[in-house]
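Asker: have a look; sequence and predicted model below, questions after that.
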Amino acid sequence: MVDEFRFSGVPALHFGPGVFKNAVSVVMKYGRSLLLVAGSSSFTGSGRGRGFVKELKEKGLKIDIVNVEGEPHAGFIDGVISELRVSPPGMVLAVGGGSVLDAGKALAAMLTVEGRTWDYLEGNPEMKAHPGTRLPLIAVPTTAGTGSEATRNAVLTTPGEPRLKRSLRHDNFVPDLAIVDPLLTTGCPPHVTAASGLDAITQLLEALVSTGASPVTDALAKSGLQCGIENLERAVSEGNDINARTGMAYAAFLSGIVLSNAGLGAVHGFASVLGGYYDIPHGVVCGTLLGAVTRVNIGKLAASEEDTAYLDKYAAAGMIVCSEKGRDRDHYLARLADELDRMVEVLNIPRLGCYGVTAGDITSIAAETAIKNNPASLTTGDLEKILLSRL
């Protein structure tokens, strides 16, 4: 029997190597003026980007360009909006990594309402409900990791200190269209490819074992995890391998779908806190903690003996990650976390201590970490143990 579940919408998708070559004709279907949101220079400073903008202008489109440096914060969104309110664009096109796509989603949403971005951010005790209105939105990822092109939230940092990561969220914020061209990721440096890919793999595994999972998210998570595990190390070591890049783009897109519909666990609970206090890339947090969280979750679930369904899912993931057939469940459960740790070492993902996290910080970080959809009930002591193991 299939239990009751809900599943939110996904964007229309143009996927595959070379699909970006049709972007101009696609964009023109959405309006005659646009806001192009891009990274600090990676796209708009490239030959591909300059040619794209030139062709749009030759077609008569009015273009405003906003460059996003680092992770977007609420004040940045407000500043851009204040300049555009007099003559707002007809649509938003975001081309870049997860931070750029999040900024594009936030701008598309906030250009249709009054007030500050902080007014609508989760974590604000006086948060207003966003009505879900937004400008037409196209998302074009240039990294394979966050899956932001398929999610309904924009992750922003909050005003003031410490700058915590919070979401601007609504079901209607899923982009109208995602153009996922793996060719756009070939220039992504190895360390960014590694961290981004581990973010996708973390999202896929956490969604698979989430308390909010469904048969649909299970199927998508397993498919994405298989593709991500098969291709990540090759995408890092051989950046121009288009087959590996395509596999990672597919895994990342599915990771965005499943995180929106199933929710995530303790790894992303940690990431939300650590990303606010330390200058540490989100994918590095996910990668360095994934094996440790998985090991503790499996241990707690095995000790409780209350629900074996999550252990079955972890064993299925172990079979994928270990690339072994015909072994029993305990073998895959025992191997999974070790193999994830091996991957992290091969990809040279730093430990938390490299970014200034110390043993004295552990208690406060653990106290602030939320684990809403985690499959095992973890104590503050469990969370501290995980963090200490990755200093």
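Answerer: Great, that's in hand.
Asker: please count neighbours and contacts with C-alpha atoms only from this point.
Answerer: Fine.
Asker: now the helices: where do they sit in the stretch 201-350 of the chain?
Answerer: Here the stretch 201-350 of the chain has its helices, by DSSP state H, counting those that start in this stretch, at 215-237, 242-262, 266-277, 282-304, 309-322, 329-346.
Asker: of those helices, which is nearest Val180?
Answerer: helix 242-262 (7.1 Å; CA to CA).
Asker: name the helices or strands packed onto that closest one?
Answerer: Secondary-structure packing of helix 242-262 (3 or more CA pairs under 8 Å, 6 or more residues apart in numbering; DSSP states H and E): helix 190-208, helix 215-237.
Asker: can I get those helices in a markdown table with distance to Leu111 and mean pLDDT?
Answerer: Converted to a markdown table, the helices and strands packed on helix 242-262 look like this (distance: least, CA to CA, whole Å; pLDDT from 0 to 100):
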| stretch | distance to Leu111 | mean pLDDT |
| --- | --- | --- |
| helix 190-208 | 29 | 98 |
| helix 215-237 | 32 | 97 |
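Asker: continuing past whatever helix or strand Val140 lives in, what's the next helix or strand?
Answerer: Element membership of Val140 [criterion: DSSP states H and E] is strand 137-141. Next in sequence after strand 137-141, counting helices and strands by DSSP H and E, comes strand 153-157.
Asker: pull out the buried positions in that following strand.
Answerer: The neighbour-count check on strand 153-157 (16 or more other CA atoms under 10 Å) flags 153-157 as buried.
Asker: that one versus helix 266-277: what angle between them?
Answerer: If you take axes from the mean of the first three to the mean of the last three CA atoms, to 10 degrees, strand 153-157 sits at 40 degrees to helix 266-277.
Asker: the helices of the stretch 201-350 of the chain: lowest mean pLDDT?
Answerer: Mean pLDDT is lowest for helix 266-277 among the helices of the stretch 201-350 of the chain, at a mean of 92.
Asker: for that one, name the packing helices and strands.
Answerer: strand 165-169, helix 282-304, helix 362-368.
Asker: repeat that with 7 Å
Answerer: Helices and strands touching helix 266-277, by 3 or more CA pairs under 7 Å, 6 or more residues apart in numbering; DSSP states H and E, are strand 165-169, helix 282-304.
Asker: out of those, flag the one nearest Ser260.
Answerer: Among the helices and strands packed on helix 266-277, the nearest to Ser260 by CA to CA is strand 165-169 (10.3 Å).
Asker: if we can go back for a sec, what pairs with the strand holding Val140, parallel or antiparallel?
Answerer: Sheet partners assigned to strand 137-141 using DSSP bridges are listed as strand 91-96 (parallel), strand 177-180 (parallel).
Asker: quick one: contacts of the first one?
Answerer: The list of residues contacting strand 91-96 from outside it, by CA atoms under 7 Å, 6 or more residues apart in numbering, reads 30-31, 33-39, 100-101, 104, 108, 135-142.
Asker: likewise the last one?
Answerer: If you take CA under 7 Å, 6+ apart as the criterion, strand 177-180 is touched by 11-16, 20, 137-141, 149.
Asker: hmm, back to that, could you dump the helices of the stretch 201-350 of the chain to a markdown table with distance to Leu164?
Answerer: Below are the helices of the stretch 201-350 of the chain laid out as a markdown table (distance: least, CA to CA, whole Å):
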| stretch | distance to Leu164 |
| --- | --- |
| helix 215-237 | 28 |
| helix 242-262 | 20 |
| helix 266-277 | 4 |
| helix 282-304 | 13 |
| helix 309-322 | 31 |
| helix 329-346 | 26 |
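Asker: other residues contacting stretch 196-206?
Answerer: Stretch 196-206 is touched from outside by 143-146, 221, 224-225, 228, 232, 248, 251-252, 255, 258-259, 264-265, 283, 286-287, 290, with contacts defined as CA under 7 Å, 6+ apart.
Asker: Ala129 versus Val113, what's the distance?
Answerer: Look at Val113 and Ala129: by CA to CA, to the nearest Å, they are 11 Å apart.
Asker: measure Leu350 to Asp341 for me?
Answerer: Not Leu; residue 350 is Pro. Relative to Asp341, and taking CA to CA, Pro350 is found at 12 Å.
Asker: er, Gly145 actually
Answerer: The spacing between Gly145 and Asp341, counted by CA to CA, is 18 Å.
Asker: which residues in the stretch 1-150 of the chain form helices?
Answerer: Taking DSSP H, counting those that start in this stretch, the helices of the stretch 1-150 of the chain run over residues 23-27, 47-58, 74-84, 98-110.
Asker: could you say which of these is packed most deeply?
Answerer: Among the helices of the stretch 1-150 of the chain, helix 98-110 has the highest mean neighbour count (mean count of other CA atoms under 10 Å), at a mean of 27.
Asker: follow-up on the earlier one: can you tell which of the helices and strands packed on helix 266-277 is closest to Ala207?
Answerer: Shortest separation from Ala207 across the helices and strands packed on helix 266-277 is recorded for helix 282-304, at 12.6 Å, computed as CA to CA.
Asker: show residues contacting that closest one.
Answerer: Contacts to helix 282-304, defined as CA under 7 Å, 6+ apart, come from residues 195-196, 198-199, 202, 267-268, 271, 275, 311, 337-338, 340-341, 344, 349-351, 376, 386, 390.
Asker: ok so, going back, dump the helices and strands packed on helix 266-277 to a markdown table, plus mean neighbour count and distance to Asp3.
Answerer: Formatted as a markdown table, the helices and strands packed on helix 266-277 follow (neighbours: other CA atoms under 10 Å; distance: least, CA to CA, whole Å):
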| stretch | mean neighbour count | distance to Asp3 |
| --- | --- | --- |
| strand 165-169 | 22 | 26 |
| helix 282-304 | 21 | 22 |
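Asker: returning to what we had before: save the helices and strands packed on helix 242-262 as CSV, and put in mean neighbour count too.
Answerer: Shown next, in CSV, are these (neighbours: other CA atoms under 10 Å):
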stretch, mean neighbour count
helix 190-208, 28
helix 215-237, 21
